[in-house]
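Student: just need the structure, nothing else, for what follows:
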Amino acid sequence: MSSETRLANEAWEAMFRAQVALLRTFGADDVWIEVSQNEYDVLYTLSKSANGMSMVEINRGILMTQAGISRLVARLETRGLLERCVDDHDRRAVRMVLTPDGARIQKVVGRRHASAVASTMTRALSHEQLEQLRDISRTITSAIHPTHTDQESPRIRA
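Tutor: A predicted model of the protein is given here:
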């Protein structure tokens with residue numbers, strides 16, 4: 001194995017282990033009162049789109065199976081946090097949008113989650129390291145998916 005291959009695999013493993021540690025830490029936070037972490041992920045993803053999203057677009061932004069997202073969206077719709085609306089450009093298509101209550105809960109939980117994320121990340125990394133991590137992560141994402149913007153990057157329930 002070449003040294004470059006070894007380094008690439010060590011970097012991937014370190015990044016993956018850090019992600020697992022962060023996800024477990026964030027999942028254990030006491031911020032998930034109104035909604036679960038997965039439900040919040042859907043609300044957060046939809047909050048970034050003024051015109052709502054199709055199920056395909058939601059699926060692109062969240063690392064879950066299509067069936068899992070469909071069940072999650074159905075639960076959120078039943079709870080009155082999401083609603084279906086007709087797509088303005090394709091009257092046959094349906095888009096999911098946040099209801100006012102869904103937007104409110106996303107903001108409430110989002111503030112608590114952002115505070116917990118900041119606490120965890122700043123405990124582990126300096127300001128400069130956080131900037132480096134952000135920039136490196138964006139570089140990886142844009143190299144793999146050149147058309148993705150920060151808003152479209154798949155999120156992993158955090």
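Student: what mean pLDDT does stretch 56-69 get?
Tutor: Stretch 56-69 comes out with an average pLDDT of 88.
Student: may I see the buried residues of that stretch?
Tutor: Glu57, Ile58, Asn59, Arg60, Gly61, Ile62, Met64, Ile69 (16 or more other C-beta atoms under 10 Å). The C-beta positions use only the backbone N, C-alpha and C, and glycine is treated the same way.
Student: now do the helices in this protein.
Tutor: 3-28, 37-47, 55-61, 66-78, 100-124, 127-144 (DSSP state H).
Student: adding distance to Val86, write those out as a markdown table.
Tutor: Putting the helices of the chain into a markdown table (distance: least, C-beta to C-beta, whole Å) gives the following:
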| stretch | distance to Val86 |
| --- | --- |
| helix 3-28 | 35 |
| helix 37-47 | 16 |
| helix 55-61 | 14 |
| helix 66-78 | 15 |
| helix 100-124 | 18 |
| helix 127-144 | 32 |
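Student: closest to Glu4 out of the buried residues of stretch 56-69?
Tutor: Taking C-beta to C-beta as the measure, Arg60 is the one of the buried residues of stretch 56-69 closest to Glu4, at 31.0 Å.
Student: so which bits of stretch 112-121 are buried?
Tutor: Arg112, His113, Ala116, Val117, Thr120.
Student: can you list these in a markdown table and add pLDDT?
Tutor: Listed next are the buried residues of stretch 112-121 as a markdown table, based on pLDDT from 0 to 100:
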| residue | pLDDT |
| --- | --- |
| Arg112 | 97 |
| His113 | 97 |
| Ala116 | 97 |
| Val117 | 97 |
| Thr120 | 97 |
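Student: closest to Arg138 out of the buried residues of stretch 56-69?
Tutor: Gly61 (15.8 Å).
Student: now that closest one: how far from Thr5?
Tutor: 31 Å (C-beta to C-beta, to the nearest Å).
Student: poorly predicted segments of this protein, please.
Tutor: Applying pLDDT under 70 to the chain flags residues 148-158.
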